[in-house]
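Enquirer: Just need the structure, nothing else, for what follows:
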Amino acid sequence: MKNMVFALAALVAAPATAAPLCDDMGYAGLLAKCNRGEQVELTLSSGTPLYAGEGPVVLQSGAYYAINITSDGTAELAVSGAEFFRAIWMNEVVINDIEIRPMAIDSIEFDAGGSARLSFIAIKPGSYTLRIPGSTGAAQSVTFAIQ
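Expert: Purely as a prediction, here's the structure:
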């Protein structure tokens, strides 16, 4: 009986935002247009913050997102975050109109200016950080909170 009460309490206390963004996704499933969250913009540039927003980027488990990473080529820079990449299902990485559908990635490195677009579905709730490898400053990382 105690377990049933705790289970019901957990269901009531669970945030309503942990479900996909739309009710009727049709044949497209989780990739449906109505299930897409806001796009995240990251900038790789020497001496510039990685993420221009305030606080963590909040993602909803089961929702579809895209991250655009743009490098201006001022330095050879990368973004790494194996824990984040293991907490999502990667749909594709698009670089110069070439679509790559990887099983997993650990990092993306830019040797010159350019951009990459990562589209994915957030899966595993938790807090994850993408950062420029070897950096320690808060401006050189972005935290994603998957609810």
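
Enquirer: which other helices and strands contact the helix or strand hosting residue 69?
Expert: Using DSSP states H and E, residue 69 maps to strand 64-71. On a contact count with 3 or more C-beta pairs under 8 Å, 6 or more residues apart in numbering; DSSP states H and E, strand 64-71 meets strand 40-44, strand 107-110, strand 114-122. C-beta coordinates here come from the backbone N, C-alpha and C atoms, glycine included.

Enquirer: Tell me where this structure has strands.
Expert: 40-44, 57-59, 64-71, 77-80, 88-95, 98-100, 107-110, 114-122, 126-131, 141-146 (DSSP state E).

Enquirer: which residues touch the longest one?
Expert: The reference is to strand 114-122. Residues from elsewhere that reach strand 114-122, judged by C-beta atoms under 8 Å, 6 or more residues apart in numbering: 30-31, 37, 59-71, 73, 87-96, 108, 110, 144, 146.

Enquirer: Any buried residues in it, and which?
Expert: Residues of strand 114-122 classed as buried under the neighbour-count rule (16 or more other C-beta atoms under 10 Å) are 115-122.
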